[in-house]
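J.: Just the structure for this:
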Amino acid sequence: MKRCKILFRFLICGFLTLVVASQAWAADLKEIQARGEIRHLGIRYANFVTGDGDGFDVDLVKGFAKHIGVKYQLVYTDFYNVIRDLLGKNVVRKDGNVLLDGDFPVRGDMIATGFTVLPWREKVLLYSEPTFPSQVLLVARAESPYTPIKDSGSLEKDIHETKAMIGKKSLLVMERTCLDPANYGLKGTGIDLRAYTKSTNLNEMIPALLNKDAELTLLDVPDAILDLQKWAGKIKVLGPISEEQQLAAAFPKSSPELRAAFNDYLRKIKADGTYDKLVNKYYPGVRRYFPSFFARKG
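T.: All right, here's what the predicted structure looks like:
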């Protein structure tokens, strides 16, 4: 009889453990609504996630949480761990393939943090409709002898000319982010690539450039807009390295309903003017860089 009671208690404890685990791991819309909270994975970067409890993506996801009737929780992470925190797996890029490896705690339900849509990421994630535009630029110190390219009217030609300007000069990059040189065909071309490894904070790229860690660096437009103000007269943009890119929220492949609900919400706030207010609040002036993107509604 005692053995039966012990076995029964063991089974009950095991069942409760499974229930708790399923609540921690479940990530689609109905499970999140049942849990009553959505966990937003954010990285302190530009004005997308400021680190002070606000930012373009913070406000965006807070509104989404209200839209689906749940509480909001911001979970800070970094570019090296953000996908692992979402999927519970490490992402390994090898020979053009993207593999998932290991088992780790799932810390969030969605990523929204100025997160660039990249082909290798699309192999393991579901992206929302675009939330913001971007582009990667080549940046130098203001006193450097390098002259910004002249706009040829062809972005393809401008990118080619900008890349040619690098030559064998030292270029500060951050791997596994939107500033990874592998994303833009810059590896194995004779460039003196210098990976920034002191942290995973993209906000530190310009201070490192000014510290002369390298002659040049990569920067994306949203960050460049802020840095050109913050470091006025100390840096200059030489030209484009990439085509126009898109930023979006990202979800696990197992969360199609959550992604669909976010897309519905995004269309709604673009139609009612809420989205425009967020853009004006956090990135005033960005429309002149991407007029066609911001002209689109819904």
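J.: For residue 54, see how far away residue 87 is.
T.: Taking C-beta to C-beta, to the nearest Å as the measure, residue 87 falls 27 Å from residue 54. To be clear about C-beta, it is placed using only N, CA and C from the backbone, and glycine gets the same treatment.
J.: do residue 248 as well
T.: Using C-beta to C-beta, one gets 20 Å for the distance from residue 248 to residue 54.
J.: Compare these two and say which one has the larger neighbour count.
T.: More neighbours surround residue 248 than the other of residue 248 and residue 54, with 24 against 15 (other C-beta atoms under 10 Å).
J.: what sits against that one?
T.: 115, 117, 127, 128, 129, 130, 131 (C-beta atoms under 8 Å, 6 or more residues apart in numbering).
J.: so the first one makes contact with residue 249?
T.: Which is residue 115. Yes: using C-beta atoms under 8 Å, residue 115 makes contact with residue 249 at a distance of 7.1 Å.
J.: what about those two, which has more around it?
T.: Using other C-beta under 10 Å, the more surrounded residue of residue 115 and residue 249 is residue 115, with 31 against 27.
J.: Against residue 177, how distant is residue 148?
T.: Counting by C-beta to C-beta, the separation of residue 148 from residue 177 is 24 Å.
J.: When the two are compared, which one has more neighbours?
T.: residue 177 (23 against 13).
J.: Now the more buried one. Nearest residue, chain neighbours left out?
T.: Using C-beta to C-beta, 6 or more residues apart in numbering and skipping the chain neighbours, the partner closest in space to residue 177 is residue 79 (4.5 Å).
J.: ok, now which ones touch the one you found?
T.: So residue 79 contacts 43, 174, 176, 177, 200, 202 (C-beta under 8 Å, 6+ apart).
J.: where does the stretch 1-150 of the chain dip in pLDDT?
T.: Low-confidence segments of the stretch 1-150 of the chain (pLDDT under 70): 1-26.
J.: ranges for the helices of it?
T.: Taking DSSP state H, counting those that start in this stretch to define them, one finds helices in the stretch 1-150 of the chain at 2-25, 29-35, 56-68, 82-87, 119-122.
J.: Give me the neighbour count for residue 149.
T.: When neighbours are counted by other C-beta under 10 Å, residue 149 registers 19.
J.: Distance check, it against residue 190.
T.: Separation of residue 149 from residue 190 (C-beta to C-beta): 20 Å.
J.: what does residue 84 give?
T.: In terms of C-beta to C-beta, residue 84 sits 33 Å off from residue 190.
J.: Which parts of this protein belong to which domain?
T.: The record assigns the chain these domain ranges, following automatic domain parsing: 2-133+246-295, 136-243.
J.: How about residue 178: what's its closest non-neighbour residue?
T.: In space, residue 178 is closest to residue 116, 4.1 Å off (C-beta to C-beta, 6+ apart).
J.: need the contact list for that neighbour.
T.: 134, 178, 220, 245, 246, 247.
J.: Count the neighbours of the fourth one for me.
T.: I take that to be residue 245. A count of nearby residues for residue 245, using other C-beta under 10 Å, gives 18.
J.: Please consider this matter closed, and thank you.
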